[in-house]
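Q: Need a 3D model of the sequence below.
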Amino acid sequence: MGALQITLGLICVAVTVVAVAMLVRTVIQMVRTVRLGQPDPTRNGPIGARVVTTVKEVLGHTRMLKWTKVGIAHWFVMMGFLGMLLVVAEAYGEVFQPSFELPLLGEWAPWNLWVEVLGWATVVGILVLIVIRQLHHPRRAERQSRFAGSHMGRAYFIEGIVLVEGLGVVCIRAVKHAAGLIHPPVWAAPLTHALGSVAPSSTTLISVLAAIKILSGMAFIVAISLNMTMGVAWHRFTAFFNIYFKRNADGAVALGAAKPMMSGGKPLDFEEADPDTDVFGAGKVEDFSWKGWLDFTTCTECGRCQSQCPAWNTGKPLSPKLLITSLRDHAYTKAPYLLAGGRKDMAGEEVGITGDNAEQRLAGIDVLALAEAERPLVGGPDELGVIDPEVLWSCTTCGACVEQCPVDIEHVDHIIDMRRYQVLIESNFPTELGGMFKNLENKGNPWGQ
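A: Model prediction:
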């Protein structure tokens with residue numbers, strides 16, 4: 001163990017401690033933010049069925065494989081992420097001591113085969129996904145790209161990190177083989193043997209490569225800790241929970257009958273409901289359930305929903321993806337105000353932060369959060385609304401977005417909730433619906449028969 005190894009090792013340990021501390025703080029903040037949503041006890045069970053559904057969708061990639069090439073490539077990348085945690089642990093030892101191997105596992109041929117497959121599969125898988133993203137880049141005619149409106153820079157960053165991590169595993173093993181520090185049988189590491197035959201024999205290079213692998217992983221942790229709306233990264237963690245808490249425990253998509261109107265976690269009783277205290281649909285972002293907030297957090301901006309949306313494909317302003325990301329950005333920008341106790345009544349008056357120290361409490365809230373709290377959830381450009389009415393009423397509720405979403409976001413439920421508030425509280429809806437509503441009121445059917 002030389003001076004270089006000690007220096008690199010201490011740097012990696014120090015960066016890891018800071019990164020993990022940042023991640024823990026951010027996860028706590030994210031959980032507090034998601035819990036700002038309305039309660040929804042329908043998501044609690046049955047536990048067994050929900051676990052089975054989650055395992056089936058995650059490991060079987062049942063939703064991703066609707067697009068076969070993308071699904072297969074993504075499966076390899078996901079398994080690389082899940083399966084190489086021990087390899088990352090091994091890298092910490094390799095920084096200090098290049099010959100380090102995991103106890104018991106290091107010399108075990110099946111373990112070497114497992115690492116070999118995951119390392120190369122991660123590299124090939126992410127390269128396929130990179131090529132696919134470029135082939136469908138928004139530089140094409142806008143509505144032909146499912147990535148139109150997505151944060152491409154964030155995606156490039158994540159793709160780069162995954163590629164570096166995969167190459168790190170492959171290259172470290174090749175150089176260790178060249179230096180005679182590992183001796184797996186050829187069948188357990190055929191590509192390592194081939195690459196190791198031309199790789200340099202350098203113990204210093206092993207430590208440097210291990211440090212690069214660790215620091216790239218910590219760069220990922222730091223980046224997501226500083227940005228809770230980076231769905232393309234956070235879905236690696238939140239997708240498991242979003243799938244587990246989907247509307248239907250048996251794995252069915254959130255389509256069919258509209259979910260009942262809820263207020264305070266209970267079905268709304270229209271005979272006794274009070275607009276001043278009960279929630280009618282979603283008139284503010286905090287009116288969505290906590291599962292809605294988890295949906296917003298989990299969106300990967302992959303654009304599958306957008307590519308299948310008939311409204312988007314016929315030139316309408318609705319993109320299910322952009323609707324969800326707009327709600328996400330609004331929710332997380334407004335969250336500091338809500339976490340401080342801020343709340344407005346139906347007239348827009350502050351009723352949450354009141355009293356003698358109200359001004360002082362408001363002054364301690366981020367000005368961006370205060371400004372976001374003034375925006376209506378639904379409103380045109382003049383009102384600075386989060387969702388334009390034209391977007392909201394362009395949806396045909398066909399469910400293509402929900403059917404395609406690989407992380408089980410419930411777009412249609414959220415759109416219906418916003419429409420419910422617009423109709424029941426604001427009496428604000430397209431004039432074409434007036435006749436239908438009168439027919440429903442008078443005859444009980446939309447045709448007036």
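
Q: OK, contacts around the residue lying closest to residue 275 once chain neighbours are set aside?
A: Excluding its sequence neighbours, the residue lying closest to residue 275 (C-beta to C-beta, 6 or more residues apart in numbering) is residue 425, at 6.2 Å. Heads up, the C-betas are built off the backbone N, CA and C, glycines and all. Listed by C-beta atoms under 8 Å, 6 or more residues apart in numbering, the contact partners of residue 425 are 275, 280, 281, 283, 346.

Q: among the residues you listed, which two are most distant?
A: Using C-beta to C-beta, the contacts of residue 425 span at most 12.9 Å, a distance reached by 281 and 346.

Q: More neighbours: which of those two?
A: Taking other C-beta atoms under 10 Å, residue 281 and residue 346 do not tie; residue 281 has more neighbours (22 against 12).

Q: element containing the closest residue to that one other than its chain neighbours?
A: Leaving aside its sequence neighbours, residue 281 sits nearest to residue 420 (C-beta to C-beta, 6+ apart; 2.9 Å). Counting by DSSP states H and E, the element that carries residue 420 is helix 411-424.

Q: Buried residues in that helix, which are they?
A: Burial within helix 411-424, assessed by neighbour count using 16 or more other C-beta atoms under 10 Å, is assigned to 411-422, 424.

Q: could you give the angle of whichever strand or helix holds residue 296 to helix 411-424?
A: Here residue 296, judged by DSSP H and E, is contained in helix 290-298. Counting by axes from the mean of the first three to the mean of the last three C-alpha atoms, to 10 degrees, helix 290-298 points 120 degrees away from the direction of helix 411-424.

Q: Among the buried residues of helix 411-424, which one sits closest to residue 307?
A: residue 411 (13.5 Å).

Q: so what secondary structure elements neighbour the helix or strand residue 237 falls within?
A: Per DSSP H and E, residue 237 falls inside helix 231-244. Applying 3 or more C-beta pairs under 8 Å, 6 or more residues apart in numbering; DSSP states H and E, one finds that helix 231-244 contacts helix 47-60, helix 152-178, helix 203-225, helix 290-298.

Q: Let's have the contacts of residue 425 in TSV, adding distance to residue 219.
A: TSV is the format used below for the contacts of residue 425 (distance: C-beta to C-beta, whole Å):
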residue	distance to residue 219
275	49
280	45
281	42
283	40
346	46
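
Q: which among those gets closest to residue 43?
A: For the contacts of residue 425, the nearest to residue 43 is residue 281 (18.7 Å; C-beta to C-beta).

Q: Not counting residues beside it along the chain, what's closest to residue 163?
A: residue 126 (5.1 Å).

Q: my guess is the one you found meets residue 161, correct?
A: No - contact criterion C-beta atoms under 8 Å: residue 126 and residue 161 do not qualify, at 9.3 Å.

Q: And the residue nearest the centre of this protein?
A: residue 298 (2.5 Å; C-alpha atoms, centre = their mean).

Q: May I ask you to confirm that that residue is in contact with residue 237?
A: No - Residue 298 is beyond contact range of residue 237, at 9.1 Å (criterion: C-beta under 8 Å).

Q: any idea how far residue 244 is from residue 51?
A: Residue 244 sits 7 Å away from residue 51, going by C-beta to C-beta, to the nearest Å.

Q: sorry, back to before: residues in contact with the residue nearest to residue 281?
A: 261, 280, 281, 282.

Q: For the second one, what are phi and psi?
A: If I follow you right, that is residue 280. Torsion angles at residue 280 (phi, psi; degrees, to the nearest 10) stand at phi -110, psi 100.

Q: The first one too?
A: The phi and psi torsions at residue 261 (degrees, to the nearest 10) take the values phi -70, psi 130.

Q: How many residues are close by it?
A: 19.

Q: got a pLDDT number for the closest residue to it other than its chain neighbours?
A: Leaving out its chain neighbours, the residue that sits closest to residue 261 by C-beta to C-beta, 6+ apart is residue 268, at 4.2 Å. pLDDT recorded at residue 268 is 87.

Q: Wait, residue 268 touches residue 274, no?
A: No - Residue 268 lies out of contact with residue 274 (C-beta under 8 Å); the separation is 10.3 Å.

Q: In terms of neighbours, single out the busier of the two.
A: Comparing residue 268 with residue 274 by neighbour count (other C-beta under 10 Å), the higher total belongs to residue 268, at 17 against 8.

Q: can you point me to the longest helix in this protein?
A: Longest helix of the chain, by residue count under DSSP state H: helix 3-34.

Q: Can you name every helix or strand that that one contacts?
A: The contact analysis (3+ C-beta pairs under 8 Å, 6+ apart) places helix 3-34 against helix 85-96, helix 203-225, helix 290-298, helix 320-339.

Q: Recalculate using a threshold of 10 Å.
A: Judged by 3 or more C-beta pairs under 10 Å, 6 or more residues apart in numbering; DSSP states H and E, helix 3-34 is in contact with helix 85-96, helix 203-225, helix 231-244, helix 290-298, helix 320-339.

Q: and among those helices, the most buried is which?
A: Most buried of the helices and strands packed on helix 3-34 by mean neighbour count (mean count of other C-beta atoms under 10 Å) is helix 290-298; its value is a mean of 25.

Q: could you say what helices and strands that one packs with?
A: Using 3+ C-beta pairs under 10 Å, 6+ apart: helix 290-298 touches helix 3-34, helix 231-244, helix 320-339, helix 411-424.

Q: Could you dump the ones you listed into CSV and include distance to residue 61 and mean pLDDT?
A: Formatted as CSV, the helices and strands packed on helix 290-298 follow (distance: least, C-beta to C-beta, whole Å; pLDDT from 0 to 100):
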stretch, distance to residue 61, mean pLDDT
helix 3-34, 25, 93
helix 231-244, 11, 93
helix 320-339, 20, 95
helix 411-424, 21, 94
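
Q: out of the ones you listed, which comes closest to residue 360?
A: helix 320-339 (14.8 Å).

Q: and for the helix or strand following that closest one, what are the contacting residues?
A: Later in the chain than helix 320-339, the nearest helix or strand by DSSP H and E is helix 358-363. The contact list for helix 358-363 (C-beta atoms under 10 Å, 6 or more residues apart in numbering) reads 337, 340, 341, 342, 350, 352, 353, 354, 355, 357, 370.

Q: ok, and the closest non-adjacent residue to the fifth one?
A: Using C-beta to C-beta, 6+ apart and skipping the chain neighbours, the partner closest in space to residue 350 is residue 344 (5.8 Å).

Q: hang on, the earlier thing: where do the contact lists of residue 268 and residue 274 overlap?
A: Common neighbours of residue 268 and residue 274, using C-beta under 10 Å, 6+ apart, are residue 280.

Q: hmm, back to that, buried residues in the longest helix of the chain, which are they?
A: For helix 3-34, burial by neighbour count (16+ other C-beta under 10 Å) applies to 5, 8-9, 12, 15-16, 19, 22-23, 26, 29-30, 33-34.

Q: ok, residue 244 - contacts?
A: Shown in contact with residue 244 (C-beta under 10 Å, 6+ apart): 43, 47, 50, 51, 53, 54, 55, 57, 58, 408.
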